[in-house]
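Asks: Any chance you could fold what I've pasted below:
(chains A, B and C)
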Amino acid sequence: MTTMIFKPTEACNGNCIYCDVVRKEVTGDNTLSLERLELLFVRINEFLEARPQERFQLIWHGGEPLILGPDYYEKAYRFQETHCADTKGRISHEIQSNMTLFSPKFVEIFKKLGITKVSTSYDPIPNIRGLGKTIDSEAYNKNFLKGIRALEEAGLNWAMIYVVTRFSLEKPLDLFYFLTNFTPDGSVMFNPVYFFERQPMDLAITPDEFVDFLGEIFKVWWPHRDRYPTIQPFYSLVRTIVEGQPSLICGESGACADTHISLGPSGTLSQCGRSSDWNLIKLGSLDDTTLEEAFAAEGKQTLRDRQSVVCEGDCAVCRFWDICHGGCPLDAMADTGSFMNKSPLCVVKRRFIEEYLEPITGVRYEPGEKKEAAAPSHPGTRPPRPMRPYMPPPPPERITPGFRAAVDDVWINPIGGLGDALMLSGVLKAAVDQDPKRTFKLIARSQFVSVFSGHPALTEIGHPEPGSAVIATAYWDDPDFRSGQMRAFQVLARLFGLPTPVEERLYLADNRGPDPALIDRIPLRDKNILIAPSAGTPRKEMPYDMWEELVRRLIDEGFGVIQPGTAASRHIRGAYNLRGILSVPEAARLPGHVDAVITSASFFMHAAHLCGTPAVVLWGPTDHRQYGYEGQAHLQAHRTCDPETPCIRSGRGPGYGTPCPMGPDHCMRRHDINAIFSSLIEILEKTKNIRRPANAPGSRPAR
Amino acid sequence: MSSPNLVCPHNRKLFDSLGRQLITVRVKDPEQAFVAARNVRESGNRLFSVIVDTDHSLEEIDIPDDWGGISVALFIPRMGRFRSIRRKLERIRRMKIRVYLPCDDPENITSLQVLSSVGVSVASRIIQGPHLWEPLLDLMTFAILGPAPHSPIDPFVFVADNFETGGSVDWRGIYFEDPKEFFHLDDKGRVALSHHELINEDFIFDDPSDIDIREENPEYRLRTDPRERFFLTDHPCSRCPGWRVCMGAFVQNGAPPEGCSEFAAELLEVVEQYRGMRGAPMEKRS
Amino acid sequence: MANLLLTTRCVRSCPYCFARKEMENSPEGDTLSWENLLYVVDFLEASSARHISLLGGEPTLHPDFVDIILYLMERRFHVTVFTSGIMSEKKLEEFSEHLTSIAIENLNFVVNVNNPEQTPASEKETEQLHKFLSVMGPWCAAGFNIYRTDFEIDFIFDLIGRFGMKRHVRFGLASPIPGVDNLYISPDDMKDVAARLYSYRPQFDRSRVSPGLDCGFPMCAFTDEQLGWLFRVSGPVRFGCGPAVDIMPDLSIYACFPLSTLHKRSVLEFNTLQEAADFYMDLNRKIRTELAGIFDECDSCRHREEGRCSGGGVCHLMNSFMDEAPVRLMEIESELAKSRLSSQP
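Replies: Numbers count the residues shown, from 1 in each chain, chains lettered A, B, ... in the order given. The predicted structure follows:
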């Protein structure tokens, strides 16, 4: 790419203390005429037509290029459109401005010219950059900010070139942070004030000072280079040295003779912007010199020749030749009076690389080697975990068991709970008592085996062959039961051909009762109550806090309390715990060892009846009239839900195992502890003088 | 220019006078939150949020059911005992509530972490001092890099999610204190640019209608353009390595508090580590 | 699973306590701060651990004990608390008010009970224990530390029945603390301990109580019949040895109580619990390259080689190095020397 430093004017509204242009002796025109402006585009076009692959970068410079006003740029655009119709796609425009004159009036023409970014300068140190003769930096800064704001509001961008003066050296890091905070994307280019004769020495810095200035910043920049990607000269050096991707500016490339040219306001073509400022390496006038001719001019050739001279001379043994090429020839001229020497600023590059860049990055520059830098790492990094928002775990799924029933004869398919099993056992006993020849077989189901083992009505507990006749004991499907006209026991009796009504006596072949060793451990009191809170479905259970209140009352009143049940059932504190350690027959006989039973409508209601022990039974969804035994105290809580909803009224539907949807308004919560206790006392009073016959079913064995 | 958000006291007459504005209403009594929200809506304005700024701890206040339909910023002085707030957590999580706690006490900083770890969105009121930088650094690191899932702790998560290389994040809006967006009115409609200034009757506009032409006000421009405020004056904040994740938010009465620069620099480091771990694109596309 | 100490304070002074050295070395009243609790919980969650054990001293002495439990519940952790059950009325009221609504599956107490005759406690302590069990019984399983071969445990079955405790007893072996003269069961007595335990089989069976063995039991202490019974009632038994990974209130960690002074590190040094466990496992392995197990027979034992038995507790091995010249691996000798336990002059 060919770069032209285009200075259409050297007039400036600013007064920066280090500026060469300000101090330059003006010869010739101060502003490029419109004729020459037009000619420029003619020249560019012919240059590009002769070089079909080439691109042309026009950098508007000065002085202050905005001083020309937007019309000048408008004209440049029209000239480009007219004279570069076929090559304008290979022409790009950039601009360097102090931004104090920028206004919305420039926006449209900038966009037309494809200028999306402005390079500018700023200095927080007072009185370095100023407006007018007195270097009023306060006014300068305000105007600068106004221009920047207008630029940003138009959607355009800007970048910072910072000129390092002696005044900058005091706090390099403060400056670095200021500048990177100030620019829109954190990018900055650091350029030193060159220390040639024409510069006041109280302003200029030495190469070593510049190296150390950069070094202080590099130490901070390197571990944070992702944060400040484009800090120059670091970015270029790292790309070149560490990453092996050469990124050399004009003075380092050794090819500036072939890549750079400049045009001044009087139409003079020169090597570059600096040579133009210093009136060096003139290549002719735009009026009579084509760009091609300018690139072939003697001054350019001298620069080309310089490469081989310096390479074999001053730079013969330097390992940085490939990334320096003897430095800027103008620096060499300014220092030594000849282009054919290396730049005195070579010490900047070499020392910076050797003392800062290589030790800090850990990469040594070897000419011709491609390297990759390690990605910046953060000490103490934990293994990455994706951040995700807080989410509570999903509620557990409820799975409801279902049952099927088959209706046929001969094999009995016992369905339901243990209470139903006890009823069935009683019915079968009545059947076989009536007709000893009436025997049945029972399908083996683990939970019922112990209830039916040794039953006189059963010839076998086992497995029916295919095709066998089976009768299921789902009494709840019977219409008379569903309508409430018949009790469960009676329906079962009718199912087995007994004339109803029958006396409701339960039967259990296994007469042994709980292990005496177990009973002996129980700290029995004068009167003892068995409680049975669990019911196989939460819908029939009184809430546990109510049970605990009841137990506290019983204990306070001097009763001992015993709680059997399954291991999975919840312990009621205060009660003696026999949960999970009794077999079914043991549990069925346990009421025989207590004075009364308080139970939900469950197995222990039946067990209490079996043992002839008084019971207080707590009802809710089911009806005591269909299940409860005469002689027991039945406390019926009325349903709080819609009577039409099935609940568990008609057997075990899908909701059987689930809590009542009425929540706190569950019918079982409507029981009253005082009423329960009173019923207990009443029933104890009723039965205390009644002697139970020794051979009555469920008689309590002697202690 | 974003549409203004007017932070108002609970004053129906004031709401009626404003007409079709975006309003955040401030109440002291939690029970008044829903009523205030309703008044805003019934007056024809749009409700942004309700600030409940109470002197009671989370333990002491009830979370009413009617907060369910409104966004609530709950400013409390402390959390209280966990056992007492535990039963409120489910409700708080379900509703659009963010709990704000001051950071003047190590216990409060711990409380922020506790609440965040159980799913409550929180914000640490870090602008006001005194600043306990060490515990705040721990809180910030937990908020951004903590390995266990937790709810956002702002402003840290806001910064982490919104920061891009070369960009900057102004997080004062979390506290309804960003002068580009929030304007604090008193009962008479006088306008201040922060709650602190409102209390001190340091008004920038005498009438809410001035908000519509705020860009013409030089003082307003100064307050909202950080470059003019901090860079042209060579303020210490302009040289802070953490500037881009702070932008002078900690400055009260003109000066930054001691230690804030190190905190902001560390915040930037942690945010970059987070973004690097997350694989989010770091470069801002120009 | 991780063990977290809430405090080093304790309410008892059990004669066999193998945590005594650690408790004595800790600052008076060292309790876990909320900051450290939060760190540990996040650490565990990041380690995919969902179960935490709370220990002490007496963990319920922590002033925020109830809040900590509720917080752990809120974080969806399963919690086991190792406690004496001895606490003030006020604390018990807090338990009753706040903890009894927690599902039993999520919160367990292992109540370390002592035989009232063999290890007598004051009447007040006994009363406090019973009051605690009357409130929290269903959440509790009994724990019993065996430090004498004639131990008696009838009282445990009584407690289980009276207070609705879980039907499980966790048996621990009092372990030696290298360098400290404490009561412990020596390897020579382990068979007697096994036999004594087995003699309670009828009570275990009748009450359907299952015995659980804590770490350090060697498999060979049990006969085949005893092992068979254990398997039937308790399922597979682990004859393992740590590391438990105990985390102190100040976030220091070590392999287990008896080895608390050796290779103490900090939680902050590890990224996950598994890393910490692997670290101590590696140390254990190194110790066992010196001595495979607590018996000579361990050297050639196929059950140890095949991983079914660890060969007894590492604490016994370290204890046996106590009276030696310093001839072991550097990792072992350097730690012994640091604790001034080595016999090296």
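
Asks: So in chain A, which strand runs the longest?
Replies: In chain A, assigned by DSSP state E, the strand with the most residues is strand A:157-164.

Asks: Please spell out which residues along it are buried.
Replies: Neighbour-count burial for strand A:157-164, counted by 16 or more other C-beta atoms under 10 Å in any protein chain shown, picks out A:W158, A:A159, A:M160, A:Y162, A:V163, A:V164. No exception for glycine: its C-beta is placed from N, CA and C like everyone else's.

Asks: now the next helix or strand after that strand: mean pLDDT?
Replies: Next helix or strand after strand A:157-164 toward the C-terminus (DSSP states H and E): helix A:172-182. Averaged across helix A:172-182, the pLDDT comes to 94.

Asks: got the buried residues for helix A:172-182?
Replies: A:P172, A:D174, A:L175, A:F176, A:Y177, A:F178, A:L179, A:T180, A:N181, A:F182.

Asks: wait, the first one sits on A:F210?
Replies: No. Distance between A:P172 and A:F210: 10.4 Å, which falls outside the contact criterion (C-beta atoms under 8 Å).

Asks: Just give the nearest non-adjacent residue to whichever residue of the stretch 51-200 of chain C sits closest to chain B, would you?
Replies: Minimum separation of the stretch 51-200 of chain C from chain B (C-beta to the nearest C-beta) falls at C:D67, amounting to 3.9 Å. Computed as C-beta to C-beta, 6 or more residues apart in numbering or on different chains, the closest residue to C:D67 that is not its neighbour in sequence is B:F82, at 3.9 Å.

Asks: immediately after the helix or strand of chain A with the lowest mean pLDDT, which helix or strand?
Replies: Least confident helix or strand of chain A, by mean pLDDT, DSSP states H and E, is helix A:20-23 with a mean of 56. Sequence-wise, the next helix or strand downstream of helix A:20-23 (DSSP H and E) is helix A:34-50.

Asks: And that next one, how far out from the chain middle?
Replies: Centroid separation for helix A:34-50 versus its chain: 57 Å, with C-alpha atoms, centre = their mean, to the nearest Å.

Asks: same question, stretch A:148-159
Replies: Relative to its chain's centre, stretch A:148-159 lies at 34 Å (C-alpha atoms, centre = their mean).

Asks: pull the CA atoms of it into PDB?
Replies: Taking Å, rounded to 0.1, in the frame of the first residue of the first chain, the C-alpha atoms of stretch A:148-159 are listed here in PDB:
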ATOM      1  CA  ILE A 148     -15.000  14.600  20.400                       C
ATOM      2  CA  ARG A 149     -18.600  14.700  21.600                       C
ATOM      3  CA  ALA A 150     -19.800  15.800  18.200                       C
ATOM      4  CA  LEU A 151     -17.800  13.100  16.500                       C
ATOM      5  CA  GLU A 152     -19.100  10.400  18.700                       C
ATOM      6  CA  GLU A 153     -22.700  11.600  18.400                       C
ATOM      7  CA  ALA A 154     -22.300  11.200  14.700                       C
ATOM      8  CA  GLY A 155     -21.200   7.600  15.200                       C
ATOM      9  CA  LEU A 156     -17.600   8.200  14.300                       C
ATOM     10  CA  ASN A 157     -14.600   7.100  16.200                       C
ATOM     11  CA  TRP A 158     -11.200   8.500  17.300                       C
ATOM     12  CA  ALA A 159      -7.800   7.300  18.300                       C
END
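
Asks: who touches it?
Replies: Applying C-beta atoms under 8 Å, 6 or more residues apart in numbering or on different chains, the external contacts of stretch A:148-159 come out as A:99, A:102-104, A:107, A:110, A:115-120, A:183-185, A:187, A:189, B:225, B:227, B:286.

Asks: buried stuff in it?
Replies: Buried residues in stretch A:148-159, counted by 16+ other C-beta under 10 Å: A:I148, A:R149, A:A150, A:L151, A:L156, A:W158, A:A159.

Asks: Out of the residues you listed, which is nearest to chain C?
Replies: Taking C-beta to the nearest C-beta as the measure, chain C sits nearest to A:A159 out of these, at 42.1 Å.

Asks: and the closest one, what pLDDT?
Replies: Predicted confidence (pLDDT) for A:A159: 92.

Asks: now do the one 3 residues further on
Replies: According to the model's per-residue confidence, A:Y162 sits at a pLDDT of 93.

Asks: who's it bridged to?
Replies: Counting by DSSP bridges, A:Y162 is bridged to A:F190.

Asks: thought it was touching A:S187?
Replies: No. A:Y162 lies out of contact with A:S187 (C-beta under 8 Å); the separation is 10.7 Å.

Asks: So which residues on the stretch 1-150 of chain B come close to chain C?
Replies: The stretch 1-150 of chain B comes close to chain C at residues B:81-83, B:86, B:89, B:110, B:113-114, B:117-118, B:135, B:138, B:142, B:146-149, as judged by C-beta under 8 Å from any C-beta of the partner chain.

Asks: ChimeraX command to pick out the buried ones of these?
Replies: In ChimeraX, a selection of the buried entries from the residues of the stretch 1-150 of chain B next to chain C looks like this (16+ other C-beta under 10 Å):
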select /B:82,83,86,89,110,113,114,117,118,135,138,142,146,147,148,149
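
Asks: tell me which parts of the stretch 101-250 of chain B are close to chain A?
Replies: By C-beta under 8 Å from any C-beta, the residues of the stretch 101-250 of chain B that approach chain A are B:118-119, B:145, B:147, B:149-152, B:165-167, B:225, B:227-228, B:231-232, B:234, B:238-241, B:243-244.
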